[in-house]
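# model this:
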Amino acid sequence: MNNWIWMVVLLCVLVTLLVIYVNFRKTKKTMDTIEKMLDTAIEGTYSETHFDESRLSALETKFANYLSSSAISAQNVKVEKDKIKTLIADISHQTKTPISNLLLYSELIAEEELSEEMRFNIHTIQQQTEKLRFLIDSLVKLSRLENGILTLSPRQQAVGPMLEEIQRQYLSKAQKKGLQLQLIATEARATFDRKWTAEALGNLIENAIKYTPCGSVTLKAMEYELFTRIDVTDTGIGIEESEQPKIFARFYRSETVCEDEGVGIGLYLAREIISGEGGYIKLISQKGKGSTFSVFLPR
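Predicted coordinates for the structure are as follows:
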């Protein structure tokens, strides 16, 4: 009798082990299939035709449907990005000639004998046309960055040569206002995209020159353990503490400078570029005592 009991117990154990083994094999097969699906999805080659739905479990089928939908969504996003890229290129191309013509003909008219009123009107047309060109150029750059059409390519390099080039570019504009544009020599290095970082710093320096009635604008860099810091310091009008959190917003213009030239996109573009490189911008300013914009770039 005891032998029969032991045989039944042994048989139950064997059946249990067999069930566990079968379930393990089924689970392993499901996991292998899902892993294969993920691999093909990561490679961008996923297709539901690669898998036989009749052999898939409910989980695998749901996962396959999800990946299929994701692949379709990714393709739709790519198509939309291509459309945006084409639209941006069209806007950039189609507006260049009219703007150039406006500037050219306004300059030709300005050479004629004109009354003071007409000369003022021509000067206003030139100013507004330049403003329009700057706005379109900035929006095109911003759209390319935000839509991933234009990518940043940071690499480890010296900061000094870029700062020297920026100083040369803006020196004439500073001198016309009677300002000093100083550069403190540096051996600092950082990881950045030179072209686009120069664009961001150029926007900061242009603002510094614009809002500094007298004195100087200074460029300097220093290295920390994780970041290299580039300071753009001016002796200008400064920024109210209440305004400081708002100035990086797109198209934001403070009431104190709304009459000055500008469209309120330069600081926003600068922040987008620097954050895209893994850095950030910090502001220290006091009304009437100037400002310091600090750009932190990863080492």
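
# so residue 297 makes contact with residue 281?
No - look at residue 297 against residue 281 with CB atoms under 8 Å: they stay out of range, at 10.2 Å. Yep, even glycine has a C-beta here, placed from its N, CA and C like the rest.

# joint contacts of these two?
residue 274 (CB atoms under 8 Å, 6 or more residues apart in numbering).

# in terms of neighbours, single out the busier of those two.
Taking other CB atoms under 10 Å, residue 297 and residue 281 do not tie; residue 297 has more neighbours (24 against 19).

# list the residues that contact the nearest residue to the more buried one once chain neighbours are set aside.
Nearest non-adjacent residue to residue 297, counting by CB to CB, 6 or more residues apart in numbering: residue 190, 3.9 Å away. Contacts were defined as CB under 8 Å, 6+ apart; by that measure residue 190 touches 156-157, 159, 227-228, 297-299.

# what strand or helix carries residue 190?
strand 189-192 (DSSP states H and E).

# helices or strands up against the helix or strand encompassing residue 272?
Element membership for residue 272, per DSSP H and E: helix 266-276. Helices and strands touching helix 266-276, by 3 or more CB pairs under 8 Å, 6 or more residues apart in numbering; DSSP states H and E, are helix 116-146, helix 194-210, strand 280-285, strand 291-298.

# measure how it sits relative to strand 280-285, angle-wise.
Counting by axes from the mean of the first three to the mean of the last three CA atoms, to 10 degrees, helix 266-276 lies at 140 degrees to strand 280-285.

# so that it lines up with my notes, have the first residue be 11 from now on.
OK, 11 is where the count begins now, so the last one is helix 276-286.

# residue 179 is nearest to which of the helices and strands packed on helix 276-286?
helix 204-220 (6.8 Å; CB to CB).

# how about residues contacting the helix holding residue 282?
148, 151-152, 155-156, 162, 203, 206-207, 209-211, 213-214, 216-217, 257-262, 290-291, 305-307.

# now with 7 Å?
Residues outside helix 276-286 that contact it (CB atoms under 7 Å, 6 or more residues apart in numbering): 148, 151-152, 155, 162, 206-207, 209-210, 213-214, 216-217, 257-260, 290-291, 305.

# would you map the helices across this protein?
12-53, 68-120, 126-156, 170-186, 204-220, 276-286 (DSSP state H).

# just for the stretch 11-160 of the chain, where's the confidence low?
Along the stretch 11-160 of the chain, the parts satisfying pLDDT under 70 run over 11-29, 31-34, 37, 40-41, 44-45, 47-103, 154-160.

# next, work out how far apart residue 287 and residue 294 are.
According to CB to CB, to the nearest Å, residue 287 stands 21 Å off from residue 294.

# so between those two, which is more surrounded?
Taking neighbours as other CB under 10 Å, residue 287 and residue 294 compare with residue 287 leading, 21 against 13.

# list the contacts for the nearest residue to the more buried one once chain neighbours are set aside?
Nearest residue to residue 287, sequence neighbours excluded (CB to CB, 6+ apart): residue 164, at 4.9 Å. By CB under 7 Å, 6+ apart, the residues touching residue 164 are 201-203, 287.

# return the member of those nearest to residue 231.
Taking CB to CB as the measure, residue 231 lies nearest residue 202 of these, at 11.3 Å.

# okay, now the closest one: neighbour count?
Neighbour tally, residue 202, other CB under 10 Å: 29.

# in the sheet, who's paired with it?
With DSSP bridges as the criterion, residue 202 is bridged to residue 165.

# any idea how far residue 276 is from residue 148?
7 Å.

# next: residue 174.
22 Å.

# now do residue 114
Taking CB to CB, one finds residue 114 at 26 Å from residue 276.

# and the two? Which one has more around it.
Applying other CB under 10 Å to residue 114 and residue 276 shows that residue 276 carries more neighbours, namely 19 against 10.
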